[in-house]
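Chemist: structural data only, the sequence is not supplied:
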């Protein structure tokens with residue numbers, strides 16, 4: 001059964017720092033802090049809408065530094081969610097927080113209320129990049145917190161960003177390698193989007209900063225996706241969710257509503273091209289069979305993959321075949 005989250009956003013609450021890229025109210029599309037009653041209502045609505053298929057779902061507190069918020073408020077949110085875990089309605093509770101806001105005492109409290117998964121916003125494993133973007137923690141703190149989370153039996157998720165101020169594509173690859181070495185169960189990758197009202201936004205408007213463009217970021221993230229999956233680490237999010245606030249306040253950056261599909265399309269083109277190089281007997285007209293769910297990725301946006309194959313000398317035709325595994329292909 002597919003995993004699901006009952007997402008409850010706690011925007012910017014508790015964060016002791018102002019990161020260079022952060023305009024979280026615009027990113028999450030939420031202004032007010034959730035109340036315990038809202039948590040109960042959200043869980044109840046999800047229980048009804050999922051019609052009993054909640055055994056693999058988690059109540060997820062996203063968007064802020066959950067373990068840094070005022071302790072009484074944090075406990076009130078956990079107390080609202082915990083009964084839905086205790087009675088078996090949901091599999092657990094997921095929280096996202098900062099690496100420097102994790103210790104043994106906090107983990108003991110989270111476990112008491114049924115928290116099962118913890119995501120740490122690492123963003124980079126380069127101390128210089130972390131400092132330039134005012135993260136307020138070090139790479140060593142990321143590693144220490146990750147080990148503590150895993151040793152206490154929680155599922156570990158890590159988040160990284162690409163295109164941060166002072167970073168490079170090569171730097172992002174190095175960050176990915178260091179994060180993979182911490183053995184997270186899952187990853188989220190967020191390309192930096194420059195938002196109005198942030199330090200990066202001011203730097204962009206003064207001409208002091210540009211992030212990677214969409215094409216550069218798709219090429220980079222397609223490689224990161226391959227890398228993490230080769231390590232057996234699921235990438236559960238690639239790119240920011242769409243919201244009216246995001247589109248309103250975005251100044252620049254590699255945002256696209258179907259960003260992950262763009263990356264997966266590039267991956268398929270790379271694999272198909274490699275296969276053709278290894279099989280020189282395949283010439284001119286070729287038929288690429290893919291699962292119907294993979295057909296649009298194989299063709300590429302506006303059929304760009306077919307155009308790229310044409311430049312290599314192949315007249316390719318995409319044929320849908322339900323017998324082919326999703327994201328795989330055969331070529332005749």
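Modeler: Sure thing, it's come through. Keep in mind the model is a prediction, meaning the values are calculated, not measured.

Chemist: what's the closest non-adjacent residue to residue 23?
Modeler: Leaving aside its chain neighbours, residue 23 sits nearest to residue 195 (3.9 Å; criterion: C-beta to C-beta, 6 or more residues apart in numbering). Placement of C-beta: from N, CA and C, glycine included.

Chemist: identify the bridge partners of the one you found.
Modeler: residue 250 (DSSP bridges).

Chemist: surely it and residue 249 touch.
Modeler: Yes. Using C-beta atoms under 8 Å as the test, residue 195 is close enough to residue 249 to be in contact (5.2 Å).

Chemist: and those two? Which one has more around it.
Modeler: residue 195 (25 against 19; other C-beta atoms under 10 Å).

Chemist: relative to residue 247, how far out is the more buried one?
Modeler: Computed with C-beta to C-beta, to the nearest Å, the distance linking residue 195 and residue 247 is 11 Å.

Chemist: in what helix or strand does the residue nearest the centre of the chain lie?
Modeler: For the chain, the residue nearest the mean C-alpha position is residue 188 (2.5 Å; C-alpha atoms, centre = their mean). Element membership of residue 188 [criterion: DSSP states H and E] is strand 186-191.

Chemist: and that strand, which strands flank it?
Modeler: strand 155-162 (parallel), strand 234-238 (parallel).

Chemist: do you know which of those strands lies nearest residue 42?
Modeler: strand 234-238 (19.6 Å; C-beta to C-beta).

Chemist: next, the buried residues of the closest one.
Modeler: 235, 237, 238 (16 or more other C-beta atoms under 10 Å).

Chemist: for the protein, give me the ranges with low pLDDT.
Modeler: Scanning the chain for pLDDT under 70 picks out the ranges 1-3, 12-14, 24-31, 52, 64.

Chemist: what are the ranges of the strands in it?
Modeler: Remark: strands assigned in the chain by DSSP state E are 4-9, 57-62, 92-97, 115-123, 155-162, 186-191, 194-195, 234-238, 250-252, 285-290, 315-320, 330-331.

Chemist: quick one: the fourth one to strand 186-191, angle?
Modeler: It refers to strand 115-123. Interaxial angle, strand 115-123 versus strand 186-191 (axes from the mean of the first three to the mean of the last three C-alpha atoms, to 10 degrees): 30 degrees.

Chemist: give the pairing partners of strand 115-123; include direction for each.
Modeler: Its sheet considered, strand 115-123 pairs with strand 92-97 (parallel), strand 155-162 (parallel) by DSSP bridges.

Chemist: okay, these in a markdown table with distance to residue 199 next?
Modeler: Formatted as a markdown table, the strands paired with strand 115-123 follow (distance: least, C-beta to C-beta, whole Å):
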| stretch | distance to residue 199 |
| --- | --- |
| strand 92-97 | 22 |
| strand 155-162 | 14 |
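
Chemist: determine which of those strands approaches residue 69 most closely.
Modeler: strand 92-97 (9.2 Å).

Chemist: who's in contact with residue 98?
Modeler: When contacts are counted by C-beta atoms under 8 Å, 6 or more residues apart in numbering, residue 98 touches 15, 65, 67, 68, 120, 121, 136, 137.

Chemist: how about 6 Å then?
Modeler: 65, 121 (C-beta atoms under 6 Å, 6 or more residues apart in numbering).

Chemist: what about it, distance to residue 19?
Modeler: Counting by C-beta to C-beta, the gap from residue 98 to residue 19 is 10 Å.

Chemist: repeat for residue 154
Modeler: 24 Å.

Chemist: can you give me the helices for the protein?
Modeler: All helices of the chain, identified by DSSP state H, fall at 24-28, 36-49, 71-86, 104-112, 127-132, 139-151, 169-180, 199-205, 214-230, 244-249, 259-278, 295-299, 304-311.

Chemist: any chance of those in CSV, plus distance to residue 159?
Modeler: CSV is the format used below for these (distance: least, C-beta to C-beta, whole Å):
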stretch, distance to residue 159
helix 24-28, 13
helix 36-49, 22
helix 71-86, 20
helix 104-112, 18
helix 127-132, 13
helix 139-151, 10
helix 169-180, 9
helix 199-205, 17
helix 214-230, 12
helix 244-249, 17
helix 259-278, 15
helix 295-299, 24
helix 304-311, 29
